[in-house]
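J.: Whatever this is, show me its structure:
(one chain, ligands or ions: 1)
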Amino acid sequence: MTKRKFFVTTPIYYVNDAPHIGHAYTTILADVLARFHRALGDDVFFLTGLDEHGQKVQQAAEKRGLAPKAHCDDLAPRFQDLWAKLEISHDDFIRTTEPRHVKVVQGVLQAVYDKGDIYQKEYEGLYSVAEERFITEKEAASGQFREVKPLKEKNWFFKMSRYQEQLVSYIEANPDLIRPEHRRNEMLGFLRQPLGDLCISRPKSRLAWGIEIPFDRDYVTYVWFDALINYITAPGYLSDGEKFARWWPASVQLIGKDILTTHCVYWTTMLFSLGLDLPRTIFAHGWWLVGDGEGHKMSKSLGNVVNPLDLIELYGVDALRYYLMAEMTLGADSNFTPENFIKRYNSDLANDFGNLLNRVSGLIGRYFEGNVPAPGTLTPPDLEISSQGAALGEKVEALLLQYKVDAAINEIMNLIRAVNKYMEVQAPWKLAKTDLAAAGRVLYVATEALRLAAVLLRAVMPGKAQQLLEILGAAGTGLAWGGLAAGTKLQAHPPLFPRIETEKKQ
Ligand code: MSP
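T.: Numbers count the residues shown, from 1 in each chain. Got it, this is the predicted structure:
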C-alpha cells in the first residue's frame, strides 16, 4: 500500500514584519499537524516561507539605503532563526525572491494570459497605498483602509469573474474546502455579490520591486498574485512533474482569518484558470488578541506585539508551544495575557503533569530502588485508567484529523487528571507500607499513563515529551497500553516543568 500523504502549508509571512506570536501560532499549528501525521506513518510535506516583494519592502529597503534583495536577505533570518528555536520541522522554506519561484510565477502569468484570462484596461478608482491594491467605494467607506487616493492607471487584470459560478458550486459541493463552517458561509455570502476582476499588475514606474510580467516588461505582478503561487512552486509545479503530482493538492492550507478572501477567492480561481485541483481544505484560524478586556489584534502600528523570543527565554519552547495550542480553539479568537499564560502553565504543566511525574518517580525511587515495578493483575480502578489510556490514541487521532488541537490536548490532560485522582484514592505511599505489590501496581499504571501522554504530546512538545520518555526509559515506545517495561531504571531528573512563581501568591 502506498503511504498516505499530508501536505500542509502556512501563509508566507511578510519579511518586513518582526515575527510575533500570531505568526508563531500558525507555524506551530502546522508543525503539530506535520509531526502528528509523521507519527501516523504518513508521508509529510510541510511548507512555510516568506513574502518578499511589494511596496512596503521597497520602501523599507530605501529607508535603510539597501537594495531590496539585500534588505530581505538581512531580515529573513529573523523568521528562520525563530522557527529553529521553536523546533519547527518544515520540509521547505520558500522565499518569493528565489529564482525557482520567479520562474514559476512568470510561467503561470504566461499560461493564464495564453488562456485568455488576462487582459489590459485603464482603470480609475480608489487605491489604498497601505494595502497596495484598488479598493471598492464600500471598502473605502468602511474606514479600514489607510492612505487612500484616487488613481487612474492602465493595468493587467485577471478574469476572476469568469470563475465565480464554478467557485460557488465547488464550495457548495465540497464542505471541507473552507473551514470552519462560519468562514465558509462568510465566503458564500461574499460570492453572492458579483465578483470583479483582479488587478494583477503594477507599473514599474510606481513599483519596481516585484516579478516582471513576461508579456509586458513595463509591469511587475501584484504581490498577492506572486505570493499565492508559492504553494505550487515549492512542490514542483513547472519544474518537477513527478514531485508535483505526488504532493498537489495540499491537504490543508492554514491561514489566519485576515487572509480569507485572498485564499478562498483569488487563489482558488487562479487554480481554476490553471486547470489545477483546489486544496482539500483551507482552514482559517482566529486572531491572538492582546490587551485586557476588548483585545486588539497584534500589530506593529499599535506597538502591542508579543515577541515569542521573550516567552521562550522565560518559560521554554515547549511551554510556549503547549500554551498556544491548548489555549486557542481553532477558528475562534483568543486573548493573550501573561497572567493567562502563567496560569495555564502552572495548572496543566507544573501541577497536573509535572507533579505527577515527580510523585511517581519519587515513590518508585523510595520503594522500588528506582526500577519500574511489575503491574501484576489489574483491579477495576486500575482498569479504568488502563482502558482510558488504551482508547486515548484513537480519540486524539480523530480530534486532530478534525483540526481540534485544543480538544485533543484536553483529552490527554483528562487522562493525567484522572491519574492524579486515582493516585489520591489509591495512595500508593500508604499501600507501600502494607502491600508493596499493590503499591507497585498503582505506580506502574500511573507511570504507564504518563508514558502514553508523553507519546501523544510529542507533536506538541517535542523536547519535553522526549525528555520524559527518556526518564521513563521508554523512548521509541508506541501507543499500545503496556509499553513501559517493568524493571526499567528511571533516570534521575530535575522537575520537568518547574512552577512559575508570581509575586502575588494566592
Ligand atoms: N504575506 C501575507 C500572506 C501571503 S500567503 C500567500 C501575509 N503575511 S503576514 O505576515 O501578515 O502573516 C499573515 C499570517 O500570520 C496570518 O494569516 C496568520 O496566519 C498569522 N497572524 C498574524 N497576526 C496574527 C494574530 N494576531 N493572530 C493569529 N495569527 C495571526 O498576510
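J.: For the one residue in the stretch 1-150 of the chain that gets nearest to the ligand, pull up the helix or strand it's in.
T.: When scored by Cβ to the nearest ligand atom, the stretch 1-150 of the chain has Gly22 as its residue closest to the ligand, at 2.3 Å. Every C-beta, even on glycine, is put in place using the N, C-alpha and C of the backbone. Assessed by DSSP states H and E, Gly22 sits inside helix 21-39.
J.: what do you get for Leu363?
T.: helix 356-368.
J.: now that helix, how far from the centre of its chain.
T.: 36 Å (Cα atoms, centre = their mean, to the nearest Å).
J.: Mind giving me the packing neighbours of it?
T.: The elements that helix 356-368 packs onto, with contact taken as 3 or more Cβ pairs under 8 Å, 6 or more residues apart in numbering; DSSP states H and E, are helix 405-426, helix 428-434, helix 436-457, helix 462-471.
J.: so who does the residue lying farthest from the centre of the chain touch?
T.: Distance from the C-alpha centroid of the chain peaks at Thr434, with 50.7 Å (Cα atoms, centre = their mean). For Thr434, the contact set (Cβ atoms under 8 Å, 6 or more residues apart in numbering) is empty.
J.: Over to Pro19?
T.: Shown in contact with Pro19 (Cβ under 8 Å, 6+ apart): 13, 78-79, 82, 308.
J.: quick one: which of the residues you listed is nearest to Leu151?
T.: Distance to Leu151 across the contacts of Pro19 (Cβ to Cβ) is lowest for Tyr13, with 27.6 Å.
J.: Can you give me the neighbour number for that closest one?
T.: 20 (other Cβ atoms under 10 Å).
J.: mind checking how far the nearest residue to it once chain neighbours are set aside is from Val15?
T.: Of all residues not flanking Tyr13 in the chain, His23 sits nearest, at 5.2 Å (Cβ to Cβ, 6 or more residues apart in numbering). Using Cβ to Cβ, to the nearest Å, His23 is found at 11 Å from Val15.
J.: can you check Glu448 too?
T.: Using Cβ to Cβ, Glu448 is found at 47 Å from Val15.
J.: did I read that right, Ile282 in a strand?
T.: Yes: assessed with DSSP: H, G, I helix; E, B strand; the rest coil, Ile282 lies in a strand.
J.: Provide a list of residues in contact with it.
T.: 177-179, 252-253, 255, 263-264, 267.
J.: if we go to 10 Å?
T.: 9, 176-179, 183-184, 187, 250, 252-255, 259-260, 263-264, 267-268 (Cβ atoms under 10 Å, 6 or more residues apart in numbering).
J.: next one: Gly116
T.: 159, 162, 273.
J.: Just the buried ones from the residues you listed?
T.: Buried members of the contacts of Gly116, scored by 16 or more other Cβ atoms under 10 Å, are 159, 273.
J.: The worst-scoring helix or strand of the chain on mean pLDDT vs the ligand: in contact?
T.: Within the chain, confidence by mean pLDDT, DSSP states H and E is lowest for strand 296-297 among all helices and strands, at a mean of 70. Yes: applying Cβ under 6 Å from any ligand atom, one finds that strand 296-297 is in contact with the ligand at Lys297.
J.: Sheet partners, orientation included, of that strand?
T.: With DSSP bridges as the test, strand 296-297 is paired with strand 288-290 (antiparallel).
J.: The partner strand near the ligand at all?
T.: Yes: contact of strand 288-290 with the ligand (Cβ under 6 Å from any ligand atom) involves Trp288.
J.: what pLDDT, on average, does that strand get?
T.: Per-region confidence: strand 288-290 scores 90 on mean pLDDT.
J.: which SS class is His263?
T.: His263 ends up helix, using three-state DSSP.
J.: And it, how far from the ligand?
T.: With distances taken as Cβ to the nearest ligand atom, to the nearest Å, His263 is found 7 Å from the ligand.
J.: quick revisit: now, among the contacts of Gly116, which is nearest to Val455?
T.: With Cβ to Cβ as the yardstick, the closest approach to Val455 among the contacts of Gly116 comes from Ser273, at 45.0 Å.
J.: Tell me what the residue in the stretch 151-300 of the chain positioned nearest to the ligand is bridged to.
T.: Taking Cβ to the nearest ligand atom, the ligand has its nearest neighbour within the stretch 151-300 of the chain at Gly256, 2.7 Å off. Counting by DSSP bridges, Gly256 is bridged to His285.
J.: Please work out how many residues are found near it.
T.: 18.
J.: thought it was touching Pro11?
T.: Yes: counting by Cβ atoms under 10 Å, Gly256 does reach Pro11; the two are 7.1 Å apart.
J.: and for these two, which residues touch both?
T.: 23, 26.
J.: re earlier: okay, the residue of the stretch 1-150 of the chain closest to the ligand: pLDDT?
T.: For Gly22, the predicted pLDDT is 94.
J.: and this protein, which residues reach the ligand?
T.: Residues of the chain lying near the ligand (Cβ under 6 Å from any ligand atom): 11-14, 17, 22-23, 25-26, 51, 227-228, 255-256, 258-259, 287-288, 297-298.
J.: Only the buried members of these: can you turn that into a PyMOL selection?
T.: To isolate the buried members of these in PyMOL, using 16+ other Cβ under 10 Å:
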select buried, resi 11+12+13+14+17+22+23+25+26+51+227+228+255+256+259+287+288+298
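J.: Tell me where the stretch 101-250 of the chain has strands.
T.: Counting by DSSP state E, counting those that start in this stretch, the stretch 101-250 of the chain has strands at residues 118-128, 133-135, 148-158, 178-179, 198-199, 201-203, 212-213, 216-221.
J.: Just put the ones you listed in JSON lines and tack on mean pLDDT and mean neighbour count.
T.: As requested, those are exported to JSON lines (pLDDT from 0 to 100; neighbours: other Cβ atoms under 10 Å):
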{"stretch": "strand 118-128", "mean pLDDT": "92", "mean neighbour count": "15"}
{"stretch": "strand 133-135", "mean pLDDT": "86", "mean neighbour count": "18"}
{"stretch": "strand 148-158", "mean pLDDT": "94", "mean neighbour count": "16"}
{"stretch": "strand 178-179", "mean pLDDT": "98", "mean neighbour count": "22"}
{"stretch": "strand 198-199", "mean pLDDT": "94", "mean neighbour count": "21"}
{"stretch": "strand 201-203", "mean pLDDT": "95", "mean neighbour count": "21"}
{"stretch": "strand 212-213", "mean pLDDT": "98", "mean neighbour count": "20"}
{"stretch": "strand 216-221", "mean pLDDT": "97", "mean neighbour count": "18"}
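J.: need the contact list for Leu314.
T.: 320, 338, 341-342, 500.
J.: now do Ala390
T.: 383, 452, 479-482.
J.: any idea how far Ala61 lies from Ala437?
T.: Note on Ala61: its distance to Ala437, by Cβ to Cβ, is 72 Å.
J.: Looking at the two, which one has more neighbours?
T.: Ala61 (20 against 13).
J.: Skipping adjacent residues, who's closest to Phe36 in space?
T.: Ala459 (4.2 Å).
J.: Format the CA atom coordinates belonging to stretch 280-290 as PDB.
T.: Provided in PDB are the C-alpha atoms of stretch 280-290 (Å, rounded to 0.1, in the frame of the first residue of the first chain):
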ATOM      1  CA  ARG A 280      -8.600  19.800   0.100                       C
ATOM      2  CA  THR A 281      -9.000  22.400   2.900                       C
ATOM      3  CA  ILE A 282      -8.300  26.000   3.600                       C
ATOM      4  CA  PHE A 283      -8.500  26.400   7.400                       C
ATOM      5  CA  ALA A 284      -8.800  29.900   8.800                       C
ATOM      6  CA  HIS A 285      -8.000  30.300  12.400                       C
ATOM      7  CA  GLY A 286      -8.800  33.300  14.600                       C
ATOM      8  CA  TRP A 287      -6.500  36.000  15.900                       C
ATOM      9  CA  TRP A 288      -4.500  36.300  19.000                       C
ATOM     10  CA  LEU A 289      -5.600  39.500  20.600                       C
ATOM     11  CA  VAL A 290      -3.700  41.400  23.200                       C
END
